[in-house]
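> need coordinates for the below:
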Amino acid sequence: MPSPAPSRHIARLAAALALGLGLGLGATASAQTADATTVARGAYLVHGMGCADCHTPLKMGPKGPEPDLSRGLSGHPQGMLLQPPTLPAGSPWMWGGAVTNTAFWGPWGVSYAANLTPDATGLKDWTAEQFVQAMRTGKHAGSGRPLMPPMPWPAFGQLNDADLHAMFSYLMAQPAVQNRVPDYQPPAPVARH
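Numbering: from 1, shown residues only. This is a model prediction of the structure:
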């Protein structure tokens, strides 16, 4: 029967090796777990808040319009520039949307849902802080042009920093989709008589 002393020695040696050599691995595993938890929280928020409803284009499926998951969160399709319809004077309509549900028109002009994937045509060059500031200020990248309707940034801006960082982490963990969304189109000047 082996004596307990060698077993304790081996256990201490294994613990020392794990502590001395594996400390970095432990920290990495802990960071990966924290990161996975953050990304999972971001997924919950992005899906629960309906981000894909406007940022994933619709396509026709066997039962009608359905999300085009191959272009998930990539925004309005590149090259599909829209003009607002001309409405008769006194029309009760104030705004409308494209068949893809990724472009919207109204008194503000024509706005296009942005590419939220980590591609160069999307959020690749953004920082988490720029994302947080965009949601807080309603400005592109936190300091650019205003985010236009119907983007609900005032509601998203009520989230705490941890939740907004989690959303950004989830978006950055998605497949990159190359899609250069058209630029916002301000309203046409009103003709004066």
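
> isn't Trp95 right up against Ala103?
No - using CB atoms under 8 Å, Trp95 is not in contact with Ala103, being 11.3 Å away. C-beta: built from backbone N, CA, C; applies to glycine.

> pLDDT at the spatially closest residue to Pro107 that is not a sequence neighbour, what is it?
Closest residue to Pro107 apart from its sequence neighbours, by CB to CB, 6 or more residues apart in numbering: Pro187 at 6.3 Å. Looking at Pro187, its pLDDT reads 83.

> cool, and Met148?
At Met148, pLDDT is 94.

> give me every residue that touches it.
Neighbour list for Met148: 104, 108-109, 111, 184 [criterion: CB atoms under 8 Å, 6 or more residues apart in numbering].

> comparing Trp95 and Ala103, which residue is more hemmed in?
Ala103 (25 against 13; other CB atoms under 10 Å).

> identify the bridge partners of the more buried one.
The residues listed as beta-bridge partners of Ala103 by DSSP bridges are Tyr112.

> show the average pLDDT along stretch 158-172.
pLDDT averaged over stretch 158-172 gives 96.

> ok, Met94 to Pro152 distance?
17 Å (CB to CB, to the nearest Å).

> next, count neighbours for Ser143.
10.

> isn't it up against Gln133?
Yes - in this structure Ser143 lies within contact range of Gln133 using CB under 8 Å: 7.0 Å.

> which is the next helix or strand following the worst-scoring helix or strand of the chain on mean pLDDT?
Here the helix or strand of the chain ranked lowest by mean pLDDT, DSSP states H and E is helix 4-48, holding a mean of 58. Per DSSP states H and E, the first helix or strand lying C-terminal to helix 4-48 is helix 51-55.

> which outside residues touch stretch 76-86?
Here stretch 76-86 has contacts from 57, 71, 96, 98, 100, 102-103, 105-106, 109-110, 112-113, 121, 179-182, 185, 187-188, using CB under 8 Å, 6+ apart.

> rewinding a little: can you flag the buried ones in the contacts of Met148?
104, 108, 111, 184 (16 or more other CB atoms under 10 Å).

> tabulate the residues you listed (JSON lines), appending pLDDT.
As requested, the buried ones among the contacts of Met148 are exported to JSON lines (pLDDT from 0 to 100):
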{"residue": "Phe104", "pLDDT": "95"}
{"residue": "Trp108", "pLDDT": "89"}
{"residue": "Ser111", "pLDDT": "95"}
{"residue": "Tyr184", "pLDDT": "93"}
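
> which one of the residues you listed sits closest to Glu129?
Of all the buried ones among the contacts of Met148, Glu129 sits closest to Tyr184, with 22.8 Å by CB to CB.

> so who does the closest one touch?
Contacts for Tyr184 (CB under 8 Å, 6+ apart) come out as 109-112, 145, 148.

> and these, which two are furthest apart?
Greatest spatial distance in the contacts of Tyr184: Val110 and Arg145, 13.6 Å, computed using CB to CB.

> and these two? which has more neighbours close in?
For Val110 versus Arg145, neighbours defined as other CB under 10 Å are more numerous around Val110 (22 against 12).
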